[in-house]
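Visitor: Structure for the following, please:
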Amino acid sequence: MGEMMPILQLAVGGFAFCVLAIWLKELLQVGVTLLLAPRFGMKVRQIVAFRHVWNRQDGGWTHSVGQKFHWVMQHYTSFDLDQEVADREKKERQLSLIRALIGILAGVLLVVLCLPSEVRISRGEGGLLDAFWYGLAVGMVVHNLSSLCIHFYVFHVKTKNLMGYTQQVLKRLRSGLPFSEIGALPLEQLPYPNASDMEKMLYYSIYLTVLLDAGNIDAMRKPIHEMTAYYRNQDYLITNTLQYYWLVFYYSRYELNPSAATYFLNQVRSTIESDHDANAKRVLAYYAFGVEQDFPKARRFLNEAYAVLDKYSTGAERELERRLLNELDAFLKGKNA
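Guide: Model prediction:
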C-alpha cells in the first residue's frame, strides 16, 4: 500500500491540476464577467457547461440541454448595443485584463490557504487530500497565468497582425459604416502572409458578409471551402459559432450540400436551437427550406426571425439580415408556404 501512495497522490493531484482547476478557473471567469461586464458596455450572452446551455433573452435566461458534451465551461460575451459606450474595444481589453488578474489573485490566495498541504507534500509526508489541494492550488495559478498570457497575445501582439486588422474592420462596421466602406479586402490583398488558420477563419466570418452584401456569391466559395476543411477537424467552441452558422447557411442556400449542412448543424445544434436571435432563426429557416424541404417548418423559423429582427445588431448587418429573410419569404410564397 505504501508503494501505491505516490501513484495515487500523482493521480489525485494531476486530476485536480488538469481538470478541476480549469473548471474552477472557468467558473470564476464566468462569475466575474457576469458581475463586471455591464460596467464595460458588455454582457454575457451564452454559458455552456457540460450538456447545459444558458442563453440570455430579453433580460432573462433560458436553459436547454444539448446533445454534445463540453468538458470545459465556455461563455460568450458581446457588446451591449443598448448602451452608448465610447471605444468599445478598449473596454473589452480592460475587462479581459481585470478578469485575468482576478483569476491570478484567486490562485495565489488558494496557494496561501493550502500552504500546510504544500509543505507536507514537499516533505513527502502528505496524503491524498494534501495532493488534491496542492494540485488545485498550483493549477489555478498556472491556468490563470496562461489566461493572462493569452490576453497580452491577443490584445497586444495579434493586434499588429490579421487579428488586429479584423478588429479594425469590426470597429468600422459597428460605427455605422456600410459594408462597402469598412475595408474588408480579399485575404490575398492583405499584408499578412503568415496569418494563422484561426485568424483567417475569424476574418472570413466578416469578409463573407461583405461578399454576400455585394451579391458576389462566386467569391464566397473559396473562403467557405477553407472554413469547411478547417472546422471538420475541430471540436466545436461557442466562440466559433458564427463560422458554423455561415457553413450551415451557405450549404443550405447557395451550394446545396445536405451532408455538409447537416454535419455542421449537428456540431452547433445545442447552441443554435437555444439561440433566439434573427440570424440563428434565419439559418434554421434556410436549412429547413433547402435541405429538409420542409416549407411549413421554414416558414415558422422565418416568422420567428422577423419577430426579433429589430433587436438584431444594428445598421448594415440588420439590413442585410432583413434582405435575406425577405428573399426566403419570396421563395416560400412561391411554394405557397
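
Visitor: residue ranges of the helices in this protein, please?
Guide: Using DSSP state H, the helices of the chain run over 4-15, 21-36, 88-113, 115-122, 128-152, 162-174, 197-213, 221-231, 241-253, 258-272, 278-290, 295-308, 315-334.

Visitor: close enough to count as contact, Val141 and Gly107?
Guide: Yes. Under the criterion of Cβ atoms under 8 Å, Val141 makes contact with Gly107 at 3.7 Å. From N, CA and C alone the C-beta is placed, and that goes for glycine too.

Visitor: more crowded one of these two?
Guide: Taking neighbours as other Cβ atoms under 10 Å, Val141 and Gly107 compare with Gly107 leading, 24 against 20.

Visitor: Run through the residues that contact the more buried one.
Guide: Gly107 makes contact with 25, 137, 140-145, according to Cβ atoms under 8 Å, 6 or more residues apart in numbering.

Visitor: ok, now how distant is the residue lying closest to Ile182 once chain neighbours are set aside from Gly14?
Guide: Leaving aside its sequence neighbours, Ile182 sits nearest to Arg172 (Cβ to Cβ, 6 or more residues apart in numbering; 4.1 Å). To Gly14, Arg172 is 47 Å away according to Cβ to Cβ, to the nearest Å.

Visitor: which residues touch Trp23?
Guide: 72-73.

Visitor: Pro38 is in contact with Asp80, isn't it?
Guide: Yes. Contact criterion Cβ under 8 Å: Pro38 and Asp80 qualify, at 7.0 Å.

Visitor: Contact partners for the residue sitting nearest the centre point of the chain?
Guide: Nearest to the geometric centre of the chain sits Thr239, at 1.3 Å (Cα atoms, centre = their mean). Contacts of Thr239 were listed using Cβ under 8 Å, 6+ apart, and they are 74, 76.

Visitor: do Leu101 as well
Guide: Leu148.

Visitor: what does the one 5 residues further on give?
Guide: When the contact criterion is Cβ under 8 Å, 6+ apart, the partners of Ala106 are 28, 140, 144.

Visitor: Any quick ChimeraX command for the buried ones out of those residues?
Guide: The ChimeraX command for the buried members of the contacts of Ala106 (criterion: 16 or more other Cβ atoms under 10 Å) is given here:
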select :28,140,144
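
Visitor: Out of the contacts of Ala106, flag the one nearest to Arg322.
Guide: Leu28 (40.0 Å; Cβ to Cβ).

Visitor: That closest one against Ala100, yeah?
Guide: No. Assessed by Cβ under 8 Å, Leu28 is found out of contact with Ala100, at 10.7 Å.

Visitor: In this structure Tyr245 contacts Ala280, no?
Guide: Yes. At 6.8 Å, Tyr245 and Ala280 qualify as touching, with contact defined as Cβ under 8 Å.

Visitor: what touches both of the two?
Guide: Contacts common to Tyr245 and Ala280, judged by Cβ under 8 Å, 6+ apart, are Ile272.

Visitor: what's the span of stretch 31-42, first residue to last?
Guide: The straight-line separation of the ends of stretch 31-42 (Cα to Cα, to the nearest Å) is 14 Å.

Visitor: What are the buried residues along it?
Guide: Buried-residue list, stretch 31-42, by 16+ other Cβ under 10 Å: 32-33, 37, 40-42.

Visitor: Farthest pair within these?
Guide: Farthest pair in the buried residues of stretch 31-42, by Cβ to Cβ: Val32 and Gly41, 16.0 Å.

Visitor: Between Arg172 and Gly14, tell me which one has more neighbours.
Guide: Arg172 (16 against 13).

Visitor: what residues are up against that one?
Guide: Counted by Cβ under 8 Å, 6+ apart, Arg172 has contacts 181-183.
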